[in-house]
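1. Could you look at this predicted model? Sequence included:
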Amino acid sequence: MTTQQANTKQIWHWLELVPDPEIPVISVVDLGIIRDVEWKGDVLEIIITPTYSGCPAMAVIAADIRAELVKQGVNKLSLKTQIAPAWTTDWLSDKGRARLEEYGIAPPRQAGTPQHCPLCKSTSVEKISQFGSTPCKALWRCTSCLEPFDYFKCI
Amino acid sequence: MSALFQFLLRQGDNTLVLGHRVSEWCGAAPALEEDIALANTALDLIGQTQMWLGYAAEIEEAGRTADDLAFLRDAYDFRNLLLLETPNRNFGHTLLRQFLFDAYQVPLLASLESSTDQRIADIATKAGKEAQYHLERSQDTVIALGDGTEQSHTIMQDALNRLWSYTGEMFESDIVDEAMTANGIAPDPTSLRDVWNTTVDAALKLADLKAPEDNFAHKGGKNGRRHTEHLSHMLSTMQVLQRSYPGASW
């Protein structure tokens, strides 16, 4: 077959269409786990850096990426896991951070605490637990509106 | 068995055995938040196990995978610290064991970040971030429970009395450690004792807990010579599926 290879800019655009399975408002690109996209001959190589060592979503993410690219006509794919440099929340895109907040998840901050409640924006917040519904989140509570909320841990 | 293979088994078996023990709390912890925290901690540890045992399997070059090493070895082939195979007993006991290990694992991984073996340095950098987070939580919980009610204090002091004699093994150095130190692959375990003492002493003081003065240390886990009977019982549960249905996969 002699179909023309999609350029990598186009591939990155397609990857933007793949949502994080546990936080569907952000894409795998926003999450910062796609480190490189490169054609090796007629095989498209994608380098993925996992968020947490044991994150069960990684297998789903790999399957979702494969499904999207096959749909776009890229059939020869090689997904590679790279652990170094280690994933950091610094790699979350600004768009991703804004989407998290809109979705009700406080984005990570260097200070290690949420800036404010993602729902009512009050700065009166307190930690309930260091771990939340997924490995990447902690559980916090707003003492103004009393709603609990997830905080994306800063690592 | 090469020294490097044994060293990697020790790292992977530590995280695997502790990870499995912590996962035993899934659905049974005293509060929902604690249940989630324990399950997430176990997940991190088992994820780290995949990296350690995955590398161990490559070094061994015997065609085994990380899963083979985890699910098809017997107790005497495990190289984890005895501390980590001790039963959970109760929530306080589980968190104190976690703290005693985290306080050791954090400086160990920090040192391994500059290992001459790049793969080990990469794994340590990744795992170190998670270990640091575990330490913050286990330390806070030990202090809160030790300095809590009369009942929680009593439970924590009892746990410390039971676990103390299992802590010495972490700092024992043997021929495998000597080989790792000589090649700049890993630090001498004895060199981690001071920083561990500093972390543990500070937390125990805040928790109003007293470490036993007797420094007798149970040994035989990291060299596989004398595991406690608890490990076999744990493995019988952990490995039952692969033993009963060899090769079964999701």
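-> Done, it's in.
2. drop to CA atoms for contacts and neighbour counts, all remaining ones
-> Will do.
3. Most proximal residue of chain A with respect to chain B?
-> Using CA to the nearest CA, the single residue of chain A nearest to chain B is residue A:54, 3.6 Å away.
4. For burial, what's the neighbour tally of that residue?
-> Around residue A:54 there are 21 other residues, counting by other CA atoms under 10 Å in any protein chain shown.
5. can you map out the helices along the chain?
-> With no chain named, the answer covers chain A. A:8-15, A:57-71, A:94-103 (DSSP state H).
6. my question was about chain B
-> Counting by DSSP H, the helices of chain B are B:3-23, B:32-60, B:66-71, B:82-85, B:91-112, B:118-146, B:150-163, B:175-182, B:193-207, B:229-238, B:240-244.
7. Tell me which of those helices lies nearest to residue A:100.
-> Residue A:100 lies closest to helix B:32-60 among these, at 20.9 Å (CA to CA).
8. elements contacting the closest one?
-> Counting contacts by 3 or more CA pairs under 8 Å, 6 or more residues apart in numbering or on different chains; DSSP states H and E, helix B:32-60 is packed against strand A:125-129, helix B:3-23, helix B:66-71, helix B:118-146.
9. Is the last one in proximity to chain A?
-> Spelled out, that is helix B:118-146. Yes - Helix B:118-146 is in contact with chain A by CA under 8 Å from any CA of the partner chain, via B:122-123, B:125-127, B:129-130, B:137.
10. ok, back up a step: pLDDT score assigned to the residue of chain A closest to chain B?
-> Looking at residue A:54, its pLDDT is 85.
11. what does chain B have sitting close to chain A?
-> Close to chain A, as judged by CA under 8 Å from any CA, chain B has residues B:33-34, B:36-37, B:40, B:43-48, B:122-123, B:125-127, B:129-130, B:137.
12. Apart from its neighbours in sequence, what residue is nearest the residue in chain B that chain A sits nearest to?
-> Going by CA to the nearest CA, chain A is nearest to residue B:47 of chain B, at 3.6 Å. Leaving aside its chain neighbours, residue B:47 sits nearest to residue A:54 (3.6 Å; criterion: CA to CA, 6 or more residues apart in numbering or on different chains).
13. quick one on the thing from earlier: for the residues of helix B:118-146 next to chain A, give me TSV that also has pLDDT.
-> Shown next, in TSV, are the residues of helix B:118-146 next to chain A (pLDDT from 0 to 100):
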residue	pLDDT
B:122	97
B:123	97
B:125	96
B:126	95
B:127	97
B:129	93
B:130	95
B:137	95
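14. State the pair within those residues that is farthest apart.
-> Pairwise over the residues of helix B:118-146 next to chain A, using CA to CA, the maximum falls at B:122 and B:137, 23.9 Å.
15. right, so the helices and strands packed on helix B:32-60: which one is the most enclosed?
-> Counting by mean count of other CA atoms under 10 Å in any protein chain shown, helix B:3-23 has the highest mean neighbour count of the helices and strands packed on helix B:32-60, with a mean of 23.
16. Against which helices or strands is that helix packed?
-> The contact analysis (3+ CA pairs under 8 Å, 6+ apart) places helix B:3-23 against helix B:32-60, helix B:82-85, helix B:175-182.
17. what's the most buried one of the ones you listed?
-> Each of those was scored by mean neighbour count; the highest is helix B:82-85, a mean of 26, by mean count of other CA under 10 Å.
18. Need the residues that contact that helix.
-> B:14, B:17-18, B:21, B:97, B:163, B:166-167, B:169, B:218-222, B:227-228, B:230-231, B:234 (CA atoms under 8 Å, 6 or more residues apart in numbering or on different chains).
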